[in-house]
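Visitor: Predicted model and sequence follow; I will ask about them next.
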Amino acid sequence: MPTLAKIFSRVCFGLTAASLAVVAAQPARAQAADTSFFVTSVGIGNGGNLGGLAGADNYCQTLAQAVGAGAKTWRAYLSTQEADGKPAVNARDRIGKGPWQNSKGVAIAKDVAELHSGNNLTKQTALTEKGELNNGIGDTPNRHDILTGSQPDGTAFAAGQDRTCRNWTSSTQGSAMVGHADRRGLSEDDSQKSWNSSHPSRGPEGGCSQKDLISTGGAGLLYCFAAN
């Protein structure tokens, strides 16, 4: 039968182990709370139909909430085009003023101007909400295409040729402008190195299906920014 000394020792050991686990978890939790930028680890799964801007924003908010960063207001970096009497919306105007950092505390950009000029967005810094690298050129599968619907300066395309999968409501016909999160492509053209405006989606199912997005190196992923 265990002596009182042994019982006391076991209890103390258990409390110590539990305390250490809590302490170890605190920095990771705090770090997640400071996150203000991430690439979604998975897409919504319905191609370019994101439920409009509201659906995309809600998705960013949900993923942020799951990792302890939900206290901020999250916005998807997406533009929409003028249609049905509604004006265009610029991605750059939706995401706040900055600065932004990833889940490891690495700075992405200090403000909107730097984000669209000399930002620090690379494969190594464009981490998911879980703090993981996103697959790029050379990985299997390649998932570097990120939906943006935007021009290089973060503004919307003019009405006419679809670049937003019908303002993020189509999973069949249309196309979406995507950027390369790893800043790499099949050539050395500047567009292939663009994080937000590399090429439009395309594919046999119309250009906006999940299969179409996968076929060109994507998965319907989004950039999410904390707007406050």
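Guide: Alright, I've got the coordinates. Numbering: from 1, shown residues only.
Visitor: what helix or strand does the nearest residue to Asn196 once chain neighbours are set aside sit in?
Guide: By the measure of CB to CB, 6 or more residues apart in numbering, the closest residue to Asn196 outside its immediate chain neighbours is Gly179, 3.8 Å from it. For every residue, glycine as well, the C-beta is placed using N, CA and C. When elements are defined using DSSP states H and E, Gly179 is found to belong to strand 177-180.
Visitor: Parallel or antiparallel, which strands does that strand pair with?
Guide: Within its sheet, strand 177-180 is paired with strand 145-147 (antiparallel), strand 199-200 (antiparallel), according to DSSP bridges.
Visitor: following the longest one, which helix or strand comes up?
Guide: Meaning strand 145-147. Scanning forward in sequence from strand 145-147, with DSSP H and E defining helices and strands, the next element found is helix 165-168.
Visitor: Could you tell me how many residues sit around Asp34?
Guide: Neighbours of Asp34 under the rule other CB atoms under 10 Å: 15.
Visitor: if I look at it, how far off is Lys110?
Guide: As for Asp34, its distance to Lys110 is 15 Å (criterion: CB to CB, to the nearest Å).
Visitor: Next, Ala32: secondary structure please.
Guide: helix (DSSP: H, G, I helix; E, B strand; the rest coil).
Visitor: Just name the most buried of the strands paired with strand 177-180.
Guide: Across the strands paired with strand 177-180, the average number of neighbours (mean count of other CB atoms under 10 Å) peaks for strand 145-147, which reaches a mean of 28.
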